[in-house]
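[1] Structure, please.
(chains A and B)
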Amino acid sequence: MSRVGDRAQRLEARVTKKSFRTASGQGVPVIADLSFVLEEGETGALIGPSGCGKSTLMRILAGLDRNFEGSVHLPADGRVGMVFQEPRLLPWRSVGDNVRLAAPDASEAEVTALFAALGLLEHRTHFPGELSVGLARRAALARAFAVRPTLLLLDEPFVSLDAPLARQLHGDLIRLVESRRMITVLVTHDVDEAIALADRIFVLSARPSHVVAEIRVKNPRAAMTGEEAQAVAARIEGLRQPG
Amino acid sequence: MALRLLSLAALIGLWQLAAHFGDPRLLPGPMAVFATMESEAASGALFAALGATLARVAAAFLLAMAVGSAIGYAMGRNALIDRAADPWIIVLLNLPALVIIVLAYIWGGLNEAAAIGAVALNKLPVTVVTIREGVRALDARLDEMARVFGFPRQKRLAHVVAPQLAPYFAAATRAGLSLVWKIVLVVELMGRPNGVGFEINTAFQLFDVPLLLAYALPFTAIMLIIETLAVQPFERHVSRWRPRAAA
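    Residues are numbered from 1 along each chain as shown, chains lettered A, B, ... in the order given. Prediction:
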């Protein structure tokens, strides 16, 4: 295994093998020969059946799991911002403190601008327990952006949000992503979400997972017609295996 | 607060009533005890005893909390250390306080170090077990968050680990204080030349119940005040972020 920062502003992930050990000591392969590349400024979506190792892959990219075969080349200086499936805010600190603790180098103006962009200004002094689900996710997004990441990891950040709230957050997220030159990896099981947010969509197989197909979404997305989006969605659905 | 005071007043009233019908030598009334307390305070003996005992309580308590927290943290974090140290903790938990005190005095001599060490050793396993429980309950997801965002070790301990352990620390403090001061009295009774425990021993030799209560009650009051003014506010402070309904 290796996970190194590269000169180039690109993310190159090649996981040749990752297995988990069961209680009986057997190795269960989760990922086999999964590789993808994202260039500076690109957003890639990983879409695949549940339990196919998407979250495992994210943990590898985040450096939380180093026990795998293969290599991950991070963009230069490798500052990682991450939004987990749950907000994972420190419940004993205010929203503002949560962001500050993760990003001590961010300027006051930067943090304020982020809070304004995400509609969090009046919640800065609130504790996470006082926030709605949607606001807590916004706070987690603010924290990830505040570190000025070169690699932004989003692990199903909108799961269990109702559709209008998710769409609203998609809009905010697109604006923020497009204002930065970073690489974003999004794990999702929602095809529409992948089309709305990603430049490239990687369709993963069931376990042990690998990339079945890479689909480029027309850029800029705004120019894509409804039919084109539907065609991409149909193609992805055709490639997805039941599971 | 009003109810608490009312309940306390009722207790004193009951005491007065019982003393009125009982043998004043075995159960003196509140006024008799208060008079003894006054004369002991005037001579300075009461304050000297309270001071000596409080110093021992503080030393033994701080020692047990510091060492116990460190051991408990290590055991909660490391399965190997946990397995290795667990039998020792179980032995210590089940060893009667009296045995530890007598052994400490025999092995260490009748001195301050042996006295405080014996008290701390009695309190230690309870702290270890409580803090270990807290460490085991640490949220691994927050730990991962801190790692991804590159929190340095110091910051992780202060802002991620410590707040999660604070309620356990408060529980260990609360249980520990009452345990420590009771054992300190025994240690003083058995082998110290001063302190509330020593005075109680003297009162016991003289069969002097007013004297006994004149020393025991102020000390109980002091511990109650520490509990109310320090321990409870600390507990409230560390849980202030919890939604009110859960508190």
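
[2] which residue is nearest the centroid of chain A?
    What sits nearest the mean C-alpha location of chain A, by Cα atoms, centre = their mean, is A:L154, with 2.0 Å.

[3] Partner strands of whichever strand or helix holds that one, with direction?
    Assigned by DSSP states H and E, A:L154 belongs to strand A:151-155. Sheet pairing for strand A:151-155, assigned by DSSP bridges, gives strand A:80-83 (parallel), strand A:183-188 (parallel).

[4] Now do that strand: everything it contacts.
    Defining contact as Cβ atoms under 8 Å, 6 or more residues apart in numbering or on different chains, one finds that strand A:151-155 is touched by A:11, A:54-55, A:58, A:61-62, A:74-75, A:78-85, A:144-145, A:173, A:177, A:182-187, B:148. Every C-beta, even on glycine, is put in place using the N, C-alpha and C of the backbone.

[5] 7 Å instead, please
    Under the contact criterion Cβ atoms under 7 Å, 6 or more residues apart in numbering or on different chains, strand A:151-155 has outside partners A:11, A:55, A:58, A:61-62, A:74-75, A:78, A:80-85, A:144, A:182-187.

[6] what's the distance between A:V232 and chain B?
    To chain B, A:V232 is 31 Å away according to Cβ to the nearest Cβ, to the nearest Å.

[7] show me the contacts for that residue.
    A:V232 touches A:I195, A:I215, A:V217, counting by Cβ under 7 Å, 6+ apart.

[8] So which of those residues wins on neighbours?
    When neighbours are taken as other Cβ atoms under 10 Å in any protein chain shown, the top entry among the contacts of A:V232 is A:I195 (22 neighbours).

[9] residues touching the residue of chain B most remote from its centre, list them.
    The outermost residue of chain B, judged against the average C-alpha position, is B:V148 (39.8 Å), by Cα atoms, centre = their mean. Neighbour list for B:V148: A:A62, A:L64, A:V80, A:M82 [criterion: Cβ under 7 Å, 6+ apart].

[10] ok, now B:T36?
    Residues near B:T36 by Cβ under 7 Å, 6+ apart: B:P210, B:L211, B:A214.

[11] so which strand or helix has it?
    Using DSSP H and E, B:T36 falls within helix B:30-43.

[12] Check which residues of that helix are buried.
    Across helix B:30-43, burial judged by 16 or more other Cβ atoms under 10 Å in any protein chain shown covers B:A32, B:V33, B:T36, B:M37, B:E40.

[13] Would you mind writing the CA trace of that helix as PDB?
    The C-alpha trace of helix B:30-43 is given here as PDB (Å, rounded to 0.1, in the frame of the first residue of the first chain):
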ATOM      1  CA  PRO B  30     -28.400  19.500  68.500                       C
ATOM      2  CA  MET B  31     -27.800  22.300  71.000                       C
ATOM      3  CA  ALA B  32     -25.400  20.200  73.100                       C
ATOM      4  CA  VAL B  33     -23.400  19.100  70.100                       C
ATOM      5  CA  PHE B  34     -23.300  22.700  68.800                       C
ATOM      6  CA  ALA B  35     -22.000  23.900  72.200                       C
ATOM      7  CA  THR B  36     -19.200  21.300  72.000                       C
ATOM      8  CA  MET B  37     -18.500  22.300  68.500                       C
ATOM      9  CA  GLU B  38     -18.100  25.900  69.600                       C
ATOM     10  CA  SER B  39     -15.700  25.200  72.400                       C
ATOM     11  CA  GLU B  40     -13.600  22.900  70.100                       C
ATOM     12  CA  ALA B  41     -13.600  25.600  67.500                       C
ATOM     13  CA  ALA B  42     -12.600  28.200  70.100                       C
ATOM     14  CA  SER B  43      -9.600  26.200  71.100                       C
END
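
[14] residues from chain B in reach of chain A?
    B:141-142, B:144-145, B:147-149, B:155, B:159-160, B:163, B:241-243 (Cβ under 7 Å from any Cβ of the partner chain).

[15] try 8 Å
    Chain B comes close to chain A at residues B:141-142, B:144-145, B:147-151, B:155, B:159-160, B:163, B:238, B:241-243, as judged by Cβ under 8 Å from any Cβ of the partner chain.

[16] ok, the spatially most central residue of chain B - contacts?
    The structure's chain B has its C-alpha centroid closest to B:L177; by Cα atoms, centre = their mean the separation is 1.3 Å. B:L177 makes contacts with B:V57, B:F61, B:M223, B:I226, B:E227, B:V231, as judged by Cβ under 8 Å, 6+ apart.

[17] so what pLDDT did residue 98 get?
    No chain in the question, so chain A it is. Listed pLDDT for A:N98 reads 95.

[18] ah, no, chain B please
    pLDDT, B:L98: 92.

[19] packing partners for the host helix or strand of it?
    Applying DSSP H and E as the criterion places B:L98 in helix B:97-108. Counting contacts by 3 or more Cβ pairs under 8 Å, 6 or more residues apart in numbering or on different chains; DSSP states H and E, helix B:97-108 is packed against helix B:112-136, helix B:162-191.

[20] The shortest one - contacts with which helices or strands?
    When contacts are defined as 3+ Cβ pairs under 8 Å, 6+ apart, helix B:112-136 packs onto helix B:45-77, helix B:79-94, helix B:97-108, helix B:162-191.

[21] which strands and helices sit next to the first one?
    Yep, that's helix B:45-77 we're talking about. On a contact count with 3+ Cβ pairs under 8 Å, 6+ apart, helix B:45-77 meets helix B:30-43, helix B:79-94, helix B:112-136, helix B:162-191, helix B:196-206, helix B:209-226.

[22] Need phi/psi at residue 145.
    In the absence of a named chain, this looks at chain A. Dihedral pair for A:F145: phi -80, psi -30, per degrees, to the nearest 10.

[23] wait, I meant chain B there
    With angles defined as degrees, to the nearest 10, B:M145 sits at phi -60, psi -50.
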